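Enquirer: sequence and predicted structure, then a few things I'm wondering about:
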Amino acid sequence: MSLNQTPSGERVHIGFFGKRNAGKSSLVNAVTGQDLAIVSDVKGTTTDPVYKSMELLPLGPVMIIDTPGIDDEGELGEKRIGKSRQILNKTDIAVLVVDAAAGKGEQEEELIHIFRKKNIPYLIVYNKTDLTGESVTEDAGAERHEIWVSAATGYHIHEFKERIAGLVTPEGDGRRLVADLIKPSDLIVLVIPVDKAAPKGRLILPQQQVIRDILDTGASAVMCRENELKTVLSSLNMQPKLVITDSQVFAAVDKMVPDHILMTSFSILFARYKGDLRQACQGARALKTVEDSDRILISEGCTHHRQCGDIGTQKLPSWIREYTGREPEFVFTSGTQFPEDLSGYHMVIHCGGCMLNEREMKYRLRMAVDQNVPMTNYGIAIACMTKILDRSIRPFTSLFS
Ligand code: SF4
């Protein structure tokens, strides 16, 4: 991600679905004005979902996802269809592309049913009208989520973008990472360990996002490593409103920060922002009942390179072994991988999910609730094991009253 880009987790995810050769990829290219996907007349050219983050006017920052055909065949085809269905879990707006000459069939109707069931706003786009010679006014399908376009000639592409923009629900539900906990002129101390697992020369996304939210509020942030925290705290001439630490140094920071100063972690802020803090706190209780044979799923949202270092893969498992005195089996997933069947797991421990959009994070949380599997978050799990959970959720007391 370039420094100027909106993080993928904060972008509106627009999924393009449809049969092979309905012209999905050509439509994506017409909308983005870029050669995003490989387009050919051979059925099923898109074999893996193709992602492109971009500014799409009049919408703003979006993530366009071109998916494999829903009518793909054979064993590989089944896998591709499975991938397309998984994309639905993160789709904020669904575009169903239909060949205007062929019209909708059973598979399209089934998809529309899923959009409705999952409450995903959608638009049915009849493409290739240049071949059918049809000229349908923009208003004709407005009531029925339909529009007629031609990716080849550009017919109604502008109107299509406008209709997509109209499907975006207005700016979230007002949830903020930290801004609602602080006031302008407050001072916030951020504790950021810089060990060998930290990425070279930069801060990771959760830290960047928290800093930005503090600046947006008109408050100030002071940053230091845990080694310098004592000196920093004693040199301040005003009391910090809040100390936010990386979870992996929670215990040490807890000892250094006087009890009357509020303290939490980046990860806990994300548990509240993207997920469900109450569910995460309840889920952490499952740490108390871990047995040797139990399987624990540790899941991270990073797609390619782990940004949060070795906290999930190394440190958490070793702290859990130490805390429980047991030898559970750890299973790790990252990026889009998240098992649909959680029934074999004693519990799920998820990272802050800053790379995942809200819809996907909520989908994962709901799966855990539906399957009765406790799910918690890195920061909450660590706070629980270091016996500082009560203190670390004190900044959010109104949530639990
Ligand atoms: S591991 Fe999770 S919290 Fe850390 S950067 Fe990746 S998605 Fe964000």
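Expert: Here it is on my side, so go on.
Enquirer: kindly state the pLDDT recorded for the residue nearest the centre of the chain?
Expert: Taking Cα atoms, centre = their mean, the centroid of the chain lies closest to Leu356, which sits 1.3 Å from it. The model reports Leu356 with a pLDDT of 90.
Enquirer: measure it to Gly275 for me?
Expert: 10 Å (Cβ to Cβ, to the nearest Å). To be clear about C-beta, it is placed using only N, CA and C from the backbone, and glycine gets the same treatment.
Enquirer: now Tyr378
Expert: Distance of Tyr378 to Gly275, computed by Cβ to Cβ: 11 Å.
Enquirer: wait, Ile147 touches Glu159, no?
Expert: Yes - taking contacts as Cβ atoms under 8 Å, Ile147 lies within contact range of Glu159: 6.6 Å.
Enquirer: so those two - more neighbours on which side?
Expert: Between Ile147 and Glu159, Ile147 has the larger neighbour count (other Cβ atoms under 10 Å), namely 24 against 16.
Enquirer: what sits against the more buried one?
Expert: Listed by Cβ atoms under 8 Å, 6 or more residues apart in numbering, the contact set of Ile147 reads 123-126, 138, 141, 156, 159-160, 163.
Enquirer: which among those residues count as buried?
Expert: Using 16 or more other Cβ atoms under 10 Å as the burial test, the contacts of Ile147 include 123-126, 141, 156, 159-160, 163 as buried.
Enquirer: thinking again about what came up before, got any residues that touch both of Tyr378 and Gly275?
Expert: The contact lists of Tyr378 and Gly275 share His350, where a contact means Cβ under 8 Å, 6+ apart.
Enquirer: picking that back up, could I get the buried ones among the contacts of Ile147 as JSON lines with pLDDT and secondary structure?
Expert: Formatted as JSON lines, the buried ones among the contacts of Ile147 follow (pLDDT from 0 to 100; DSSP: H, G, I helix; E, B strand; the rest coil):
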{"residue": "Leu123", "pLDDT": "94", "secondary structure": "strand"}
{"residue": "Ile124", "pLDDT": "95", "secondary structure": "strand"}
{"residue": "Val125", "pLDDT": "94", "secondary structure": "strand"}
{"residue": "Tyr126", "pLDDT": "93", "secondary structure": "strand"}
{"residue": "Gly141", "pLDDT": "59", "secondary structure": "helix"}
{"residue": "His156", "pLDDT": "90", "secondary structure": "coil"}
{"residue": "Glu159", "pLDDT": "90", "secondary structure": "helix"}
{"residue": "Phe160", "pLDDT": "90", "secondary structure": "helix"}
{"residue": "Arg163", "pLDDT": "90", "secondary structure": "helix"}
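Enquirer: in three-state terms, label Leu190 for me.
Expert: strand (DSSP: H, G, I helix; E, B strand; the rest coil).
Enquirer: and the gap between it and Val178?
Expert: 10 Å.
Enquirer: overlap in contacts, those two.
Expert: 210, 244.
Enquirer: of these two, who's got more company?
Expert: Val178 (26 against 20).
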